[in-house]
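Novice: sequence and predicted structure are below.
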Amino acid sequence: MVTKTPTEVWRGNPPSDLHRPSLVDAARLADETLALVGEVSAGVSGLGVRADGIEADVTNLGADIATLDSRVAEQEAREFVESPIYATTAAGLAATAVSEIFKVRTDDPATVAYYEYLHDTGDVAILTTTVPATAVLVSKADQSELDALYLRAGTQDLFGETVQTSSTYSARLSYGGWLLGQDSDAAIDAVLNRLDIEARVAVTATNLRVRLWSRIFGVAETAPGADASDVMVADLTYTLAELGMASGATYDLSLDIGQIEKPAGTIIGFEFWGDDGAGTKTVTGIGTASGEAVTGGIYSLFYRTDQTTWGLAASLRPLYAVYAVESAVKKDFAVQRLSAKIENSDSRIAALENSPSAVASDIATPRNYGVDGYAGRADYTVANTGGGTWETVVSAPADCYAVRAIFYHGDSTRSVGIAAASIKAIGSVAAMGGTGFTPLTFGGDSGVTLPPTGGTRGVSMCRSDLVYLPSIPRTDGGTVPLFAIRAYVPTEGFKAMGKADGTTDRLNWATHPDRPWVSRYNAGDCVSSEASFVSTTNISHSPVVGLEFHCHSQVLTLMAVGDSQTNGEGGGITYSGASWGFEAAVAKTAAGGAPVGYLNLGSSGSNSASFQLRLDAALSAGILPDMCIMQGFSGNDIGGDDQVTDAIIATASERLVRNLAQITDRGICPILWTAVPYNPASRDLGASDALRRAYNDRLRSVASRGAIVMDFDAAVRSGVIDGDGQMGLDTDYTSDNTHLDDAGIARVSPLVVAALAATDVERAGGLMVV
């Protein structure tokens, strides 16, 4: 065996330590959960036997957690070297969609020897090898069954609950973004992997050449290292004499590549060939294997060879294989399980006190992609006679190299089709229109059909496939990158962005100083016929929500779900939709550190039932923010008599518990806020306002248990309870006695900035006050 260590690959000192998320502390979590159950049983009348049963369940759960900790520790110590083989037929390659976990090629098998792909979703990374003529993937079902088999072998499903597949390496790569050559201090937070490549080669030329490169996952390849999406990691040439090899003889070659940095959403490629100095490739046979990653997990490889040119030996062709699939059980399942039990008990309000506890410190890992957009109320019926095309300008808070577009509609009774879509990076709003757009696909298809929403004020959402499209510098003095997104919709009379009466006005966003938004409409298909889009009239509605952007450094995404207070609508607001969440994201980005994308899912007129629908729509579309501001009780939950009742608070609290479980189950950090008051001139709640204040007190109490709570109520209330028992809204912060105006938004935005700071690494939680 000839061994060569090309130290040139690492241009700097490898970090001495890697960040590892801490495992759940079983004893602490069990004790804390028991303490919470004790509080529930002591403080809520009527819970009775149910609380005793919950205590017993949690006691048993504590023992199970300890067992699980032991299993997880054993699993971390394992060397994942299994390579289970997919023994399949040649019929499945073309039938396998790009959305079905494995990214495969549908080229003519006669001209493509084989490919290996790493599919990196952020949850699981899987390395596969395709040999179109001999071994291909039959179906996603076959793949899922085999994945489940090896998942069960790696981790016991002790509770009969859903176990989320993930990969230690995938978790590392979601830190993302540091390119080779970064200084070692910065690289400590980067995604690192050790690559040990073993190859069997027979070279007839003078030299052996080795190249490694990084490329965007899913981008069609022309030649290794030649695409605009490729970043060359190393290009090394060794003479046969230097390697101690004779021309024409076959050798096993081992290359210890060392630490390779890989941003999320990219793949590491490598190739060997004989080089006679004139560019001729002469290698008679290549077989490869990779060594174990430093932190365990999946090997980050993409390997390609041309059978015709390189004469690949049939005996060396690998088959489909899943390499080192690891599993991770959600660390907050104890609290979730407890919350579910209480949710089904008589103590729906008390459940609120327990659901966010002990989860704020155990959630999403920083990553290098984010989302920015506006998905406000979608009740405006557009005529769209004969079908037409929207072109909407959206922004990203940081320079990026790849993007997805996000779309939605608000029809609760029918589907809406997007027949074609495209996107273009632009330097200014003035650059709208014209040609040069990049087509978008949806699971490999040119269009997509969005199903009906789940109900009133709900939305139906989708994301396009990821495309390599670097942002470009602004030409108008602005700072954030801009993208123009087109969507051709043949469906007539569907519901798009805006209020039903057409009063939503976003026209002044065209000149917004930080993150402009512009939308225009043109009849006909202007995606296929780009030059036919000639409209210059700005409008306030669109089926385009925003953008998922991928960067070379860490970014954060804040999402907010709620009513008009969340959305930023009402009297005295300059930019409709520029809520406290938006202003905080802009301020946090301007302050330095990781840029913050903001997805506004607030909708005027929505109540807590609609919040569920909107949250579900975003999560189902694959939108996974780092943090989610989740509204619970809304004034829209109150009936026409303007009276808050125990039943209204209980129902809103139950829905909030359910939504928090949805959020934390996906590793998203929840952020809560206290309900702001109304002035009697707007809604005369009278003495029933005491129930709103009691609800806020419960929210404040969970801040001491690790939840993040923003006390909007304390920041903007008048401080005076009138003769009827109602606490009013300080008139300095409202222009219509209901909504926070520009001054009110400026008043509470610092609380959101503080909440964003509290979600950093340790996520200590707490009550955010002015």
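Specialist: That came through, no problem.
Novice: break this protein down into its domains, please.
Specialist: The chain is divided into the following domains under automatic domain parsing: 2-12+80-328, 26-77.
Novice: would you single out the least confident of those domains?
Specialist: For these, mean pLDDT drops lowest on domain 2-12+80-328, to a mean of 40.
Novice: any idea how many residues pack against the closest residue in space to M627 that isn't next to it in sequence?
Specialist: Leaving aside its sequence neighbours, M627 sits nearest to C669 (C-beta to C-beta, 6 or more residues apart in numbering; 4.5 Å). The way it works is simple: take the backbone N, C-alpha and C, and place the C-beta from them, glycine included. Residues near C669, counting by other C-beta atoms under 10 Å, number 28.
Novice: buried stuff in the helix or strand in which R700 is found?
Specialist: In this assignment (DSSP states H and E), R700 forms part of helix 689-703. For helix 689-703, burial by neighbour count (16 or more other C-beta atoms under 10 Å) applies to D689, L691, R692, R693, Y695, N696, R698, L699, R700, V702, A703.
Novice: same check on stretch 669-676?
Specialist: C669, P670, I671, L672, W673, T674, A675, V676.
Novice: tell me the average confidence for it?
Specialist: Mean predicted lDDT for stretch 669-676 stands at 92.
Novice: give me the angle between the strand or helix carrying A743 and helix 689-703.
Specialist: A743 belongs to helix 742-758 when assigned by DSSP H and E. Here helix 742-758 points in a direction 30 degrees away from that of helix 689-703 (axes from the mean of the first three to the mean of the last three C-alpha atoms, to 10 degrees).
Novice: my read: V394 touches L482, true?
Specialist: Yes - V394 lies in contact with L482 (C-beta atoms under 8 Å); the separation is 7.5 Å.
Novice: any idea how far D379 is from T504?
Specialist: Distance of T504 to D379, given as C-beta to C-beta, to the nearest Å: 9 Å.
Novice: same check, this time on A396
Specialist: If you go by C-beta to C-beta, the gap between A396 and D379 works out to 27 Å.
Novice: of these two, give the one with the bigger neighbour count.
Specialist: A396 (27 against 21).
Novice: check contacts around that one.
Specialist: G370, D372, V403, S471, V480, P481, F483, L547, F549, G597 (C-beta atoms under 8 Å, 6 or more residues apart in numbering).
Novice: same check on C551?
Specialist: Per C-beta under 8 Å, 6+ apart, neighbours of C551: G176, G177, N368, Y369, G370, A398, D399, C400, Y401, P595.
Novice: show me what counts as buried in stretch 659-671.
Specialist: Buried residues in stretch 659-671 (16+ other C-beta under 10 Å): 659-671.
Novice: please flag which of those residues sit within helices.
Specialist: N659, L660, A661, Q662, I663, T664, D665 (DSSP state H).
Novice: turn those into TSV, including distance to Y488 and pLDDT.
Specialist: Formatted as TSV, these follow (distance: C-beta to C-beta, whole Å; pLDDT from 0 to 100):
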residue	distance to Y488	pLDDT
N659	34	89
L660	38	87
A661	38	83
Q662	33	86
I663	34	87
T664	38	80
D665	36	78
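Novice: that older thread, and of the buried residues of stretch 669-676, the nearest to T206?
Specialist: Lowest distance from T206 to those (C-beta to C-beta) belongs to C669, with 56.9 Å.
Novice: the closest one and F549: what is the separation?
Specialist: C669 is 20 Å from F549, by C-beta to C-beta.
Novice: and what of S634?
Specialist: Distance from S634 to F549, by C-beta to C-beta: 31 Å.
Novice: those two: which is more packed in?
Specialist: Higher neighbour count among S634 and F549: F549, with 29 against 23, using other C-beta under 10 Å.
Novice: does the more buried one count as helix, strand or coil?
Specialist: strand (DSSP: H, G, I helix; E, B strand; the rest coil).
Novice: now swap in G597 and tell me
Specialist: strand.
Novice: then N522?
Specialist: strand.
Novice: wait, what's in contact with it?
Specialist: G388, T389, E391, S532, F533, V534, S535 are the contacts of N522 under C-beta under 8 Å, 6+ apart.
Novice: leaving out sequence neighbours, find the closest residue to the fifth one.
Specialist: Nearest residue to F533 in three dimensions, chain neighbours excluded: C526, at 3.7 Å (C-beta to C-beta, 6+ apart).
Novice: how much space separates that neighbour from I406?
Specialist: Distance from C526 to I406, by C-beta to C-beta: 20 Å.
Novice: over to G244?
Specialist: 55 Å.
Novice: do the same with L691
Specialist: Relative to I406, and taking C-beta to C-beta, L691 is found at 37 Å.
Novice: before we move on, what about V657?
Specialist: V657 is 28 Å from I406, by C-beta to C-beta.
Novice: next one: E391
Specialist: 15 Å.
Novice: my read is M461 is in a strand, agree?
Specialist: Yes - with three-state DSSP as the criterion, M461 is located in a strand.
Novice: contact partners for the spatially closest residue to it that is not a sequence neighbour?
Specialist: Residue nearest to M461 in three dimensions, not counting chain neighbours: A621, with 4.0 Å by C-beta to C-beta, 6+ apart. When contacts are counted by C-beta under 8 Å, 6+ apart, A621 touches I406, M461, C462, R463.
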